[in-house]
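Enquirer: Give me a 3D structure for the following:
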Amino acid sequence: MTAEVLCRLLEGENLTGMDAVFGCSTTRLSAVIHYLTGEYCWSIDHVDMEVGTNDGRVTVIRAYFLPRAVIRRAFDAGALAFCRSVKLARAAARKNAAKTKEAAHKRNAARHAARRDLLQGSLFGGEV
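Expert: Down below sits the predicted model:
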């Protein structure tokens with residue numbers, strides 16, 4: 001996931017938290033950005049934007065991006081090969097998505113069944 005975020009930034013994308021949820025399957029974009037800047041010294045910039053929400057509020061979101069000069073230096077140093085390898089690896093991993101979703105569903109169902117107190121009824125009289 002970290003490699004995919006970096007690859008997307010190298011390709012000139014501006015990433016928000018929601019972009020990361022739907023594009024990279026992570027809710028932890030800021031943690032990935034922190035890791036890339038702290039551990040690998042990437043110069044990742046951001047811009048804060050106000051957006052309207054479906055419930056009528058205005059909130060601030062952050063969009064992360066790499067400056068053009070950083071992207072240019074990265075591609076001069078071999079980022080194209082890196083991005084190609086990341087895309088191939090992520091595509092291969094996504095082929096297993098249906099199996100992993102099914103396995104997660106089974107584990108969650110087993111965990112829920114183990115937690116359920118059969119002597120406790122539903123609050124509203126129906127099935128729990």
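Enquirer: CA only for contacts and neighbour counts going forward, please
Expert: Noted.
Enquirer: for this protein, what spans make up the strands?
Expert: For the chain, the strands defined by DSSP state E occupy 45-52, 58-65.
Enquirer: Quick check: bridge partners of residue 47?
Expert: Counting by DSSP bridges, residue 47 is bridged to residue 63.
Enquirer: Flag the shaky bits of this structure, pLDDT-wise.
Expert: Applying pLDDT under 70 to the chain flags residues 116-128.
Enquirer: ok, which stretches of this structure are helices?
Expert: Taking DSSP state H to define them, one finds helices in the chain at 2-10, 17-24, 29-40, 68-76, 79-94, 97-115.
Enquirer: Pick out the residue closest to the middle of this protein.
Expert: For the chain, the residue nearest the mean C-alpha position is residue 26 (2.2 Å; C-alpha atoms, centre = their mean).
Enquirer: thinking again about what came up before, which of the helices of the chain sits most buried?
Expert: Neighbour counts (mean count of other C-alpha atoms under 10 Å) averaged over each of the helices of the chain peak at helix 2-10, with a mean of 20.
Enquirer: picking up where we left off before, skipping adjacent residues, who's closest to the residue nearest to the centre of the chain in space?
Expert: Spatial nearest neighbour of residue 26, chain neighbours left out: residue 20 (5.7 Å); criterion: C-alpha to C-alpha, 6 or more residues apart in numbering.
Enquirer: Would you mind listing the residues in contact with that neighbour?
Expert: 5, 26-29 (C-alpha atoms under 8 Å, 6 or more residues apart in numbering).
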